[in-house]
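Chemist: got a sequence here, can you model it:
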Amino acid sequence: MKAGLHPTYQTATAVCACGNTFTVGSTKGNLKVDVCAKCHPFYTGQQRILDTAGRVERFRRRFNIADTDAGAEEA
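Modeler: Residues are numbered from 1 along each chain as shown. As a prediction, the model looks like this:
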């Protein structure tokens, strides 16, 4: 293999937006991440929805309308 071809692999500190810090292996020095296992909804069981231009609200309205129509047809 050629010498000096691969980047150096080092221990890096990752800082999450929630304030959690942990060490990982990386070719970069320090990392900033948006979510980690401490604040990610999949691991915490909490649902956080970032609503972009009302898309979630429109989906919920459609879903609720479909449920009420289906219930009215059965009765």
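
Chemist: which residue ranges form the helices in this protein?
Modeler: 41-44, 55-74 (DSSP state H).

Chemist: ok, residues contacting stretch 20-31?
Modeler: In this structure, residues lying in contact with stretch 20-31 by CB atoms under 8 Å, 6 or more residues apart in numbering are 7-16, 36, 38-39. Heads up, the C-betas are built off the backbone N, CA and C, glycines and all.

Chemist: what of stretch 34-47?
Modeler: 14, 16-18, 20, 22, 48.

Chemist: just to revisit the earlier point, lowest average pLDDT across the helices of the chain?
Modeler: The weakest mean pLDDT among the helices of the chain belongs to helix 55-74, with a mean of 66.

Chemist: coming back round to it: so which of the contacts of stretch 20-31 are in strands?
Modeler: 10-16 (DSSP state E).

Chemist: list just the nearest of the residues you listed to Gly54.
Modeler: Among these, Cys16 lies closest to Gly54 (CB to CB), at 28.1 Å.

Chemist: how many other residues sit next to the closest residue to the closest one other than its chain neighbours?
Modeler: Nearest non-adjacent residue to Cys16, counting by CB to CB, 6 or more residues apart in numbering: Cys36, 4.0 Å away. Applying other CB atoms under 10 Å, we find 17 residues neighbouring Cys36.

Chemist: quick one: pLDDT of Cys36?
Modeler: 85.

Chemist: how far away is it from Ala3?
Modeler: 36 Å (CB to CB, to the nearest Å).

Chemist: quick one on the thing from earlier: pull out the buried residues from the contacts of stretch 20-31.
Modeler: Neighbour counting with 16 or more other CB atoms under 10 Å marks 14, 16, 36, 39 as buried within these.

Chemist: okay, and the beta partners of the first one?
Modeler: The reference is to Ala14. Phe22, Leu31 (DSSP bridges).
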